[in-house]
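*Asks:* below: sequence and its predicted model.
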Amino acid sequence: MATKGQRNSQKIFGAIDLYSGKFLYHHQEKYFNYETYILFLSKIIRKFYKKNHRVFLIQDNASYHKKEETYEWFKENRTFLEVTNLPPYYPEYNAIERIWNYTRKDATHNKYFESKQDLCDSLYTTFEDIKKHPKKIIGLLAPFF
């Protein structure tokens, strides 16, 4: 089959609750930086936070995770949030990587997309299915318990 020979990756932030399988995502149109990351965290913190509990955020070593402005935001929100950085080059310790792998297999692997919108629609369909049926992916998270 003929293809356009172009790579069309999408920029998507994601977060997962290991115990419930609750999954949140945000499609970022242009790029990742500390500002877009903080905006994403500001939105998800409210959705994961439970009164008198803290959200434990485990993040990889993306450069925008380590910016001074990001650490300042963490400091301002330490009442609600505890942050742990993964060691460099250990994606197998990052639970969200299992969701991305599942998504590639379910939504994009060996599929041709005529347009960027077709690709995004396939991704959104898989993401919304995960949100509605978290039990589908909870087994992927078992190694983290």
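*Replies:* That came through, no problem.
*Asks:* next one: the residue nearest to residue 65 when sequence neighbours are not counted, what pLDDT does it get?
*Replies:* Excluding the flanking residues, the one nearest residue 65 by C-beta to C-beta, 6 or more residues apart in numbering is residue 59, at 5.0 Å. Placement of C-beta: from N, CA and C, glycine included. With respect to pLDDT, residue 59 scores 94.
*Asks:* same deal with residue 22?
*Replies:* Residue-level confidence at residue 22 comes out at 93, pLDDT.
*Asks:* contact partners for the residue nearest to residue 65?
*Replies:* Residue 59 sits next to 65, 83, 84, 85, 86 when contact means C-beta atoms under 8 Å, 6 or more residues apart in numbering.
*Asks:* let's see 10 Å
*Replies:* Residue 59 is in contact with 15, 37, 41, 65-66, 70, 74, 83-86, 94, 96, counting by C-beta atoms under 10 Å, 6 or more residues apart in numbering.
*Asks:* and the helix or strand harbouring residue 98, what's buried?
*Replies:* Using DSSP states H and E, residue 98 sits in helix 95-103. Residues of helix 95-103 classed as buried: 95, 96, 97, 98, 99, 103 (neighbour count, 16 or more other C-beta atoms under 10 Å).
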